[in-house]
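Trainee: Here is the input, now give the coordinates:
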Amino acid sequence: MTVKKRKVACFVFGVIFVIIISLIIISNYNYKKEYSIFLEKKTQWEEMKLFNYQYHIRNSGNCYTYYFDIISNVENGSYLEDDEYLNYKIAGRYMTIDNIYNEIEIEYKNNEDDFIKGIFYRINIEYDNTYHYPKKIKYSWIPIPSLFITDRGSYIVYNIDNFMIK
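Mentor: Numbering: from 1, shown residues only. Down below sits the predicted model:
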């Protein structure tokens, strides 16, 4: 390899390295900002002390999971079991707003360092302005760009609507 080719190879490697490090730094900043907003909204929800309510929740996405589309009835802070939904194994974790907040927090804590492992992990949440529950939760995983990776990433979305206080 000639000196000129080595210089070009070193330059290209350096540029790629700087781009990857920049993307990791940006990812980390957004992650911390989103987590801070999440904690604020969770606290606002908890301060409302709502224990009797119902809502409709469904999920969709392009990664393997149990899909569900259900109505959750919550009384005294607990989900009122309905035989119709017993087959939805994952849905049990999403049957109260408190459970949903707990699941999101677990995701934040378990995936905090994923950007270091080569995955851009995102949790994007839209909140209800009145009751502060998460209306839309999108988890997405996007591999760091590479010549050898053609995967565009995976995602799963949870939508909550028709929230009613009983």
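Trainee: Heading C-terminal from the helix or strand hosting Asn102, find the next helix or strand.
Mentor: Using DSSP states H and E, Asn102 sits in helix 97-110. Of the helices and strands lying after helix 97-110 in sequence (DSSP H and E), the nearest is strand 119-127.
Trainee: Export only the CA atoms of that following strand, formatted as CSV.
Mentor: Output of strand 119-127 as CSV, limited to C-alpha atoms (Å, rounded to 0.1, in the frame of the first residue of the first chain):
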residue,chain,number,x,y,z
ILE,A,119,-28.1,0.5,18.3
PHE,A,120,-29.9,3.8,18.4
TYR,A,121,-32.8,3.1,20.7
ARG,A,122,-35.6,5.6,20.9
ILE,A,123,-38.7,6.0,23.0
ASN,A,124,-41.0,8.7,21.6
ILE,A,125,-44.0,9.5,23.7
GLU,A,126,-47.0,11.9,23.1
TYR,A,127,-48.8,12.8,26.3
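Trainee: Just the CA trace of the helix or strand following it, in PDB.
Mentor: Downstream of strand 119-127, the next assigned helix or strand under DSSP H and E is strand 134-143. What follows is strand 134-143, C-alpha atoms only, in PDB (Å, rounded to 0.1, in the frame of the first residue of the first chain):
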ATOM      1  CA  PRO A 134     -49.000   8.600  27.500                       C
ATOM      2  CA  LYS A 135     -51.300   8.700  24.400                       C
ATOM      3  CA  LYS A 136     -48.800   7.300  22.000                       C
ATOM      4  CA  ILE A 137     -45.600   5.300  22.800                       C
ATOM      5  CA  LYS A 138     -43.200   4.400  20.000                       C
ATOM      6  CA  TYR A 139     -40.200   2.200  20.700                       C
ATOM      7  CA  SER A 140     -37.800   2.000  17.800                       C
ATOM      8  CA  TRP A 141     -34.400   0.400  17.200                       C
ATOM      9  CA  ILE A 142     -32.200   1.600  14.400                       C
ATOM     10  CA  PRO A 143     -28.700   0.100  13.700                       C
END
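Trainee: so where does Met164 fall, helix or strand?
Mentor: With DSSP H and E as the criterion, Met164 is inside strand 154-165.
Trainee: What residues of that strand count as buried?
Mentor: Across strand 154-165, burial judged by 16 or more other C-beta atoms under 10 Å covers Tyr155, Ile156, Tyr158, Asn159, Ile160, Phe163. In this view, the C-beta of every residue, glycine as well, is placed from N, C-alpha and C.
Trainee: Output these as TSV; include the columns distance to Lys49.
Mentor: Shown next, in TSV, are those (distance: C-beta to C-beta, whole Å):
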residue	distance to Lys49
Tyr155	33
Ile156	30
Tyr158	23
Asn159	25
Ile160	19
Phe163	15
